[in-house]
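Q: How does the following fold in three dimensions:
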Amino acid sequence: MMEGVAFPSVTCKAPVNIAVIKYWGKRDTELVLPLNSSISFTLRTDHLCATTTAAASPTFKEDQLWLNGEKIGKTRLHACLKEIRRRARKRKSDNDKDDNVSEMLNWNVHICSKNNFPTAAGLASSAAGYACLAYSLAKLFKIEGNISDIARLGSGSASRSVFGGAVVWDMGSDSNGSDSIARQIYPHTHWPELRVVILVVSDQQKSISSFSGMQCSVETSELLQYRIKQCVPARLDALIKAIGEKDFETFAINTMKENNQFHAVCLDTYPPISYLNDTSHAIQQLAHSFNEHFKCAKVAYTFDAGPNATLYMLEDTVDLFINVVQHYFPPEVNMNEGPFVKGLPVNDIDSIDECLLEFHSVPRKPGAIKYIISTSIGSGPEVVTDPNESLLGEDGFPKDLKCSS
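A: Below you'll find the model as predicted:
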């Protein structure tokens, strides 16, 4: 519990995860049960994360949630909170421990959350946000065990962000969703050479939400049904094996094929959905040209439901690739939003093979990329012990003045 406040309070950070096999479409919208299993890598919290403070008090008049400075409606918070309270009651009944949880079950909660990256722009903000919410509430109410199914009630992909490293979300088969849970298959230390580069093309909210897009695909796309039955199971096995063996070539090819098919499903939806823009397609072409130059897969791209690119590569490729990216997509001259390359250090390269700078199929687009994040695989959610990082003040309301009650 956070010290310095008069009520129980917990602050946590939870990471983004980037799927290499996508979750797209539900078989049950209320329980958020997916049509296919998926696999992802969790990223480091120091570069991309959600921070959440959860507190309970008998003086709070109602359950309230603030996100990025604004009070929001009930949304799926209450589904998560209902399940947290149910498990807390069961834990109390099973253990009969006097640790104030029984009192807290009759109190309302205040939750304040913020992201350190754009929300609803296709960077898995809901995954980080709801994983952080579920993790914080679990710590507050002393819930133990796998909480991925609680995070899933907020956002399906959030189930994967409650673990670090490589994570599989099993679709499950039970109608009540009891076996639709995430599990870590390899820790973040398994493949230390693996790095992640994110090219932020847009930080604006996408025009079609993932929720709306996937529901429309379920209703209209014939390719979606073929994908989940014929392609995903074999590709899932191939990727798990490739990650286990640190076989980057197989990993990269399957990741890009999966990405391309996912976005083909979006185009096969009626009306068609296009989350990618011209810059996204140029990044894809750059990745293929870069790989063809080296006659092997050096980088692998994947895009969630948005134009921003996530590229997986090995550590020895990062400096060269980012330098090449900056040649084709140089920053705006008057850029005033901090460094163009954020995150882990990237070295400038003075001498680059001219062939890498003369790909005729890749247009040069100054200012098309807003910034670059260089990061790596992370270890999952964590509790923040510094009371100064709490998002709630001593009155139980957000410190941010935009979040006024």
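Q: Remind me what the longest helix along the chain packs against, helices and strands.
A: Assignment by DSSP state H gives helix 248-268 as the longest helix of the chain. Helix 248-268 is packed against strand 17-21, helix 210-220, helix 222-226, helix 232-245, strand 299-303, strand 309-314, with contacts defined by 3 or more Cβ pairs under 8 Å, 6 or more residues apart in numbering; DSSP states H and E. Using the backbone N, CA and C atoms, a C-beta is placed for each residue, glycine as well.
Q: what's the offset of that helix from the middle of its chain?
A: 18 Å (Cα atoms, centre = their mean, to the nearest Å).
Q: Same check on stretch 246-263?
A: Going by Cα atoms, centre = their mean, where stretch 246-263 is centred and where its chain is centred differ by 18 Å.
Q: For that stretch, give me every contacting residue.
A: Contacts to stretch 246-263, defined as Cβ atoms under 8 Å, 6 or more residues apart in numbering, come from residues 20-22, 24, 190-191, 193-194, 223, 227, 231-232, 235, 238-239, 241-243, 274-276, 287, 291, 296-303, 312, 314.
Q: In ChimeraX, select just the buried ones from those.
A: ChimeraX command restricting the contacts of stretch 246-263 to the buried ones, with burial defined by 16 or more other Cβ atoms under 10 Å:
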select :20,21,22,24,191,194,223,227,231,232,235,238,239,242,243,275,276,287,291,297,298,299,300,301,302,303,312
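Q: rewinding a little: for residue 85, which of the helices and strands packed on helix 248-268 is the nearest?
A: Among those, helix 210-220 comes nearest to residue 85, with 24.9 Å by Cβ to Cβ.
Q: For that closest one, buried residues please.
A: Buried residues in helix 210-220, defined by neighbour count with 16+ other Cβ under 10 Å: 210, 213-214, 216-218.
Q: Now distance to residue 370 too, for those, in CSV please.
A: Output for the buried residues of helix 210-220, formatted as CSV (distance: Cβ to Cβ, whole Å):
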residue, distance to residue 370
210, 21
213, 23
214, 26
216, 28
217, 28
218, 32
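Q: Put together CSV for those residues, with pLDDT and distance to residue 252 on each row.
A: CSV is the format used below for the buried residues of helix 210-220 (pLDDT from 0 to 100; distance: Cβ to Cβ, whole Å):
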residue, pLDDT, distance to residue 252
210, 89, 25
213, 95, 26
214, 95, 25
216, 97, 30
217, 98, 25
218, 97, 29
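Q: what's the closest of these to residue 127?
A: Once Cβ to Cβ is applied, the member of those that ends up nearest residue 127 is residue 210, at 10.1 Å.
Q: list the contacts for that closest one?
A: Per Cβ under 8 Å, 6+ apart, neighbours of residue 210: 126, 304-305.
Q: How about residue 87?
A: Neighbouring residues of residue 87 by Cβ under 8 Å, 6+ apart: 141, 143, 150.
Q: For the lowest-mean-pLDDT helix or strand in the chain, which helices and strands make contact with it?
A: Lowest by mean pLDDT, DSSP states H and E among the helices and strands of the chain is strand 70-72, with a mean of 82. Contacts defined by 3+ Cβ pairs under 8 Å, 6+ apart place strand 70-72 against strand 64-67.
Q: Quick one: list the elements packing against the strand it packs on.
A: Using 3+ Cβ pairs under 8 Å, 6+ apart, strand 64-67 sits against strand 70-72, strand 108-115.
Q: Could you report the distance from residue 27 to residue 172?
A: 9 Å (Cβ to Cβ, to the nearest Å).
Q: Need the overlap of contacts for those two.
A: With Cβ under 8 Å, 6+ apart as the test, residue 27 and residue 172 both reach residue 33.
Q: ok, for residue 48, nearest residue in space, not its chain neighbours?
A: Spatially, and ignoring its direct neighbours in sequence, residue 48 is nearest to residue 16 (4.3 Å; Cβ to Cβ, 6 or more residues apart in numbering).
Q: out of everything not next to it in sequence, what's closest to residue 319?
A: With Cβ to Cβ, 6+ apart, the residue lying closest to residue 319 is residue 347, at 4.7 Å.
Q: ok, now residue 59?
A: residue 396 (7.1 Å).
Q: got a list of what the one you found touches?
A: By Cβ under 8 Å, 6+ apart, the residues touching residue 396 are 5, 7, 55, 57, 59-60, 110.
Q: do that again at 7 Å, thanks
A: Remark: with contacts taken as Cβ atoms under 7 Å, 6 or more residues apart in numbering, residue 396 is in contact with 7, 55, 57, 60, 110.
Q: got a pLDDT number for the residue nearest to residue 319?
A: On pLDDT, residue 347 comes in at 97.
Q: Identify each buried residue in whatever helix or strand residue 291 lives in, please.
A: Using DSSP states H and E, residue 291 sits in helix 278-294. By 16+ other Cβ under 10 Å, the buried positions in helix 278-294 come out as 279-280, 282-291.
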